[in-house]
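S.K.: Next one to model:
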Amino acid sequence: MTKAPAARSFEVRHVQLARAAFAAIAAIMVTFSPDHSAAIGLSIFSGYAMATGLVLLAAGWFVYTVDTRWPTVVLGALFVIAGLASGVALFRSVTGFFVTVIIWALLTGLVETITGARGLRAAHGLPKSDAARSESRDGLTVGILTIVLGLGLLFVPTQYALQYTIDDANATFTLTGIIIGVGIFGGYAAIVAVYLAIAGLSPRRPAAVATEPSGAAAAESADADARESANNERGTA
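M.R.: Residues are numbered from 1 along each chain as shown. A predicted model of the protein is given here:
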């Protein structure tokens, strides 16, 4: 009997769970950080983008085949480039935050959306629980969320500043565009973390494994081959 192929140690669900973990860390850091300045926001984004990009690049070689790995490799490269750019001290300004995150969000969101849509089209007619169909649907959803993040940041005025006073605290605060922008990124990271965690923990339908015929079926097949061989010999004689 043919043995079932060995299970991969690194699968799509592991990629999703790793991405969910990094997004959750970014969301927690944004939520509990008292400073939502451009420098802090880019520091958090840089770590998130670099870690996620390295996971995606590794997945390109350990999870996908030669024919299917290029979208993941491109996506990982975009993440890494954005992480490196946001780590440059010269770019750590309000304008640098918005430009870097918006370009990253629109490019990576577009790649992931197109890849997910093409995967769903290719999986048309397959069962809804099919792993390829589920992965494509998850990628499409995350891609759309990322594009929405980029478009949302486009409408945040970078020079916005609103002073407000809290009487109970007897203090005056200023709500700025960068605080709003970093907060939007933190909200996006939280949504992606929850979605990918659910996707990674969802049960997968086991792949069908082809096995060799056994017992009576094997004996019947052997008898049929023998009869066919004998008939061929008589016909030749």
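
S.K.: By mean pLDDT, flag the weakest helix or strand of the chain.
M.R.: The weakest-scoring helix or strand in the chain, judged by mean pLDDT, DSSP states H and E, is helix 216-236 (a mean of 53).

S.K.: Where do the helices of this structure begin and end?
M.R.: Ranges of helices in the chain, per DSSP state H, are 12-32, 38-62, 70-86, 94-122, 131-154, 177-201, 216-236.

S.K.: and of those helices, who's closest to Leu162?
M.R.: Evaluated over these, closeness to Leu162 peaks at helix 177-201, with 9.6 Å, by CB to CB. Where C-beta positions appear, they are placed from N, C-alpha and C, glycine not excepted.

S.K.: For that closest one, the averaged confidence score.
M.R.: Mean per-residue pLDDT for helix 177-201: 95.

S.K.: and it, what does it pack onto?
M.R.: On a contact count with 3 or more CB pairs under 8 Å, 6 or more residues apart in numbering; DSSP states H and E, helix 177-201 meets helix 12-32, helix 38-62, helix 94-122, helix 131-154.

S.K.: mind redoing it with 6 Å?
M.R.: With contacts taken as 3 or more CB pairs under 6 Å, 6 or more residues apart in numbering; DSSP states H and E, helix 177-201 sits against helix 12-32, helix 131-154.

S.K.: tell me which residues of the last one are tucked away?
M.R.: Put plainly, it is helix 131-154. Buried residues in helix 131-154, defined by neighbour count with 16 or more other CB atoms under 10 Å: 131, 133-143, 145-147, 149-150, 152-153.

S.K.: Quick check: which ranges of this protein have low pLDDT?
M.R.: Residues of the chain meeting the criterion pLDDT under 70: 1-9, 125-130, 167-169, 204-237.

S.K.: thinking again about what came up before, format the helices and strands packed on helix 177-201 as CSV; extra columns: distance to Arg69.
M.R.: Listed next are these as CSV, based on distance: least, CB to CB, whole Å:
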stretch, distance to Arg69
helix 12-32, 12
helix 131-154, 13
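
S.K.: Out of those, the one nearest Leu201 is which?
M.R.: helix 12-32 (7.3 Å).

S.K.: ok, residues contacting that closest one?
M.R.: The contact list for helix 12-32 (CB atoms under 6 Å, 6 or more residues apart in numbering) reads 44, 48, 51-52, 55, 59, 135, 186, 189-190, 192-193, 196-197, 199-200.

S.K.: re earlier: out of the helices and strands packed on helix 177-201, which gets nearest to Leu107?
M.R.: Closest of the helices and strands packed on helix 177-201 to Leu107 is helix 131-154, at 8.5 Å (criterion: CB to CB).

S.K.: other SSEs contacting that closest one?
M.R.: Helix 131-154 packs on helix 94-122, helix 177-201, going by 3+ CB pairs under 6 Å, 6+ apart.

S.K.: how about the first one: buried residues?
M.R.: Spelled out, it's helix 94-122. Judged by neighbour count (16+ other CB under 10 Å), helix 94-122 contains these buried residues: 94, 96-102, 104-109, 111-113, 115-117, 119-120.

S.K.: for the shortest one, same thing?
M.R.: Within helix 177-201, the residues scored as buried using 16+ other CB under 10 Å are 177-186, 188-193, 195-197, 199-200.

S.K.: Please compute how far it lies from its chain's middle.
M.R.: 13 Å (CA atoms, centre = their mean, to the nearest Å).

S.K.: Same question for the first one.
M.R.: Taking CA atoms, centre = their mean, one finds the center of helix 94-122 at 11 Å from the center of the full chain.
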